[in-house]
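S.K.: Please work out how this folds:
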Amino acid sequence: MLGVVPMTAWAQASPNDSLLTELHRALARKSAYDGQRLNRIAVLTADFASAEVNDNTRFDLALRIYDEYKAFKYDSAFVYCQRMRRLANRLHDPEKIEVAQLKLAFVLLSSGLFKETFETLDSIDARRLTRPDRQSLYFLKARAYSDLGNFNQDQTYRPAYYAKALAYADTALQLCRPGSYECLEVQEFRAQKNNDLAAGAAAYAEIRRLPRLSQHQLAVSASTTAYLYEQAGQPEKAFELLLVSAIADVKSATKETTAIFKLSDYCYRTGDLKNAYAFIREARENATFYKARQRQLEISHVSSVIEGQKINIIESQRRSLKTYAIIMTVLAGVVIAFAVVSALALRRLRKADQLVFAANRELQARNDELHQLNSGLNEANQIKEEYIGYYFHNNSQYIDKLETLKKRVEALLSSKQYASLQKLVDGVNIKTERNELLKGFDTVFLRLFPNFIAQFNALFREEDRLTLADDQLLTAELRIFALIRLGIADSEQISRMLGYSINTIYTYKTRVKNRSLVPNEEFEARIQAIEAV
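M.R.: Numbers count the residues shown, from 1 in each chain. Model prediction:
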């Protein structure tokens, strides 16, 4: 929590009004900024899924996709860390293996998984990393101990955590190129830990002069410097830097952020409840979207303080009513009736509070239902878009093939080359065409549900789980339940789509359900519960 800011310190806060207006404009265009990041991700993931790239190129693409997700969405960043690690193991490249672990440690820390962060950091062999990556490793260790100290809130252990943070920061600083953003970022971090405003402000000024400073780098630097000004008792400057940081976060589609949350606390403490509620709501949405656990805890604490203040105001009003009733009773006994009326008013107020509470609880339940429906609709829209694009592409290819085949048949018929015509017909391999169609279906499905196979296998004992060849995407059993996950439950329709008899479909489904750890009648519902990315 930020310290209490005196009201008099905010009397001249008007120079920051333009930044506050710019922040609201940026929030109004938040979906557009998010869309720009999602478009970049879509291009990179399409290249990653291409069969034409080798594993080295695919690793580099996975690293770029991770960079897009690392401050945007924890789950997706985590998935691509796993993919980088598999590719690095397949390439037998020690450096890439350590880089994949380094990236994994970053997102684990961003999500508040401290135990997993330190386990991953301890597993990294710094000798296999390049100099810039070693710098990133030691600075990440510094951040991890700093964040742990902030989260721990224990005066016995926190100094030791901060001491380790500074030691690792010193090591990282030795590996930096002087004058680079990375070097200045470490200097700002050390200034923050030492409460050295002069050093932090100087580093921030140098960062602002860098020629290719990104919005995300600006947001991190401004937020760090705001902390120093707040600790130095300069709330106006801290407020200004938090506004700069929050604006840059929105424009860079960054969801793992603290600036908007701290702004809500500042606004609440200065009586600006409108902005306080708007910013705390935005902070809560960001933390939930990213899945930043420690941020969610901090935000819930601030929300509880705001609610507690509301309760205090109501209780204060109630105490005032009781005091007035006592005073009037002392002054004159004839006002006993007034005291009774006041008591009845208090009772009605309690009933009204109960009604409001019940209405709010019902509204929350309706909001939860709407959220679930919206999630389902978003998933359905994503599935439709993927498969519509896929089948339009495939159908156009088949039409081109049919047109080419028709021309050749007409040419052979016109020249009466019946032997060649028969050879042409024999060359059409229906099984190959069907396999290509199924392979395309598998590719699109796994792009939508990258965790489907793992979650499917989780429903079975170890010895009963399905294993796939290196070049195999889905087995026949997996493909049947993939269609069921997409909402196609009719066995006859599945048999037509996959080219099996309906008895074969029944046999596959029964055999799979009998092997599973869940009751047969619940199995398909568990499949339906598997979520898309």
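
S.K.: Give me the spatial nearest neighbour of residue 476, chain neighbours excluded.
M.R.: Ranked by CB to CB, 6 or more residues apart in numbering and with sequence neighbours excluded, the top spatial neighbour of residue 476 is residue 508, at 6.3 Å. Glycine gets a C-beta too; all of them are placed from N, C-alpha and C.

S.K.: And the helices in the stretch 151-300 of the chain?
M.R.: Ranges of helices within the stretch 151-300 of the chain are 158-174, 181-193, 197-208, 215-231, 235-251, 259-269, 273-290, 293-331, based on DSSP state H, counting those that start in this stretch.

S.K.: what angle do the fourth one and helix 235-251 make?
M.R.: What separates the directions of helix 215-231 and helix 235-251 is an angle of 160 degrees, with axes from the mean of the first three to the mean of the last three CA atoms, to 10 degrees.

S.K.: and helix 215-231, how far from the chain's centre?
M.R.: 22 Å (CA atoms, centre = their mean, to the nearest Å).

S.K.: what does it contact?
M.R.: 2-3, 71, 181, 184-185, 188-189, 191-192, 195-197, 200-201, 203-204, 207-208, 210, 235, 237-239, 241-242, 244-246, 248-249, 251-252, 254, 257-259, 262 (CB atoms under 8 Å, 6 or more residues apart in numbering).

S.K.: Could you check the angle that helix makes with helix 259-269?
M.R.: For helix 215-231 against helix 259-269, the angle by the same axes, to 10 degrees is 30 degrees.

S.K.: for helix 215-231, which positions count as buried?
M.R.: Buried residues in helix 215-231, defined by neighbour count with 16 or more other CB atoms under 10 Å: 216-230.

S.K.: Name the SS class of the residue nearest to residue 476, please.
M.R.: The assignment at residue 508 comes out as helix when based on DSSP: H, G, I helix; E, B strand; the rest coil.

S.K.: Please pick the buried ones from the contacts of helix 215-231.
M.R.: By neighbour count, with 16+ other CB under 10 Å, the contacts of helix 215-231 hold 2, 71, 181, 184-185, 188-189, 191-192, 196-197, 200-201, 203-204, 207, 235, 237-239, 241-242, 244-246, 248-249, 251-252, 254, 257-259, 262 as buried.

S.K.: mind listing the helices for the stretch 351-500 of the chain?
M.R.: Per DSSP H, counting those that start in this stretch, the stretch 351-500 of the chain carries helices over the ranges 418-426, 430-448, 452-457, 476-485, 491-498.

S.K.: just checking, what packs against the longest one?
M.R.: Looking back up the chat, that one is helix 430-448. The contact analysis (3 or more CB pairs under 8 Å, 6 or more residues apart in numbering; DSSP states H and E) places helix 430-448 against helix 30-49, helix 336-414, helix 452-457, helix 476-485.

S.K.: Report the contact partners of residue 504.
M.R.: residue 495.

S.K.: With adjacent residues omitted, what lies nearest to residue 241?
M.R.: residue 226 is the one closest to residue 241 (CB to CB, 6+ apart), at 3.7 Å.

S.K.: Let me know the pLDDT of that neighbour.
M.R.: Residue 226 is assigned 94 on the pLDDT scale.

S.K.: about what we covered before: does the residue nearest to residue 476 touch residue 477 like I think?
M.R.: Yes. Counting by CB atoms under 8 Å, residue 508 touches residue 477, with 5.3 Å between them.

S.K.: who's more crowded, the two?
M.R.: Shown here are residue 508 and residue 477; by other CB atoms under 10 Å, residue 508 has more neighbours (21 against 15).

S.K.: how far away is that one from residue 432?
M.R.: For residue 508, the distance to residue 432 (CB to CB, to the nearest Å) stands at 22 Å.

S.K.: and if you look at residue 50?
M.R.: According to CB to CB, residue 50 stands 21 Å off from residue 432.

S.K.: can you check residue 258 too?
M.R.: The spacing between residue 258 and residue 432, counted by CB to CB, is 56 Å.

S.K.: Residue 136 too?
M.R.: Distance of residue 136 to residue 432, computed by CB to CB: 48 Å.

S.K.: just residue 107 next, same as before
M.R.: Separation of residue 107 from residue 432 (CB to CB): 42 Å.

S.K.: For the residue nearest in space to the middle of the chain, give me phi and psi.
M.R.: Geometric centre of the chain, nearest residue: residue 73, 2.2 Å, by CA atoms, centre = their mean. Torsion angles at residue 73 (phi, psi; degrees, to the nearest 10) stand at phi -150, psi 120.

S.K.: Nearest residue to it in space, ignoring adjacent ones along the chain?
M.R.: residue 290 (6.1 Å).

S.K.: and the one you found, what is it in contact with?
M.R.: Per CB under 8 Å, 6+ apart, neighbours of residue 290: 71, 72, 73, 74, 110, 111, 255, 256.

S.K.: Give me the neighbour count for the residue nearest to the fifth one when sequence neighbours are not counted.
M.R.: Once flanking residues are discounted, residue 110 sits nearest to residue 256: 4.9 Å by CB to CB, 6+ apart. Residue 256 has 23 neighbours, counted by other CB under 10 Å.

S.K.: quick one: the helix or strand hosting residue 142 to helix 158-174, angle?
M.R.: According to DSSP states H and E, residue 142 maps onto helix 131-152. If you take the same axes, to 10 degrees, helix 131-152 sits at 160 degrees to helix 158-174.
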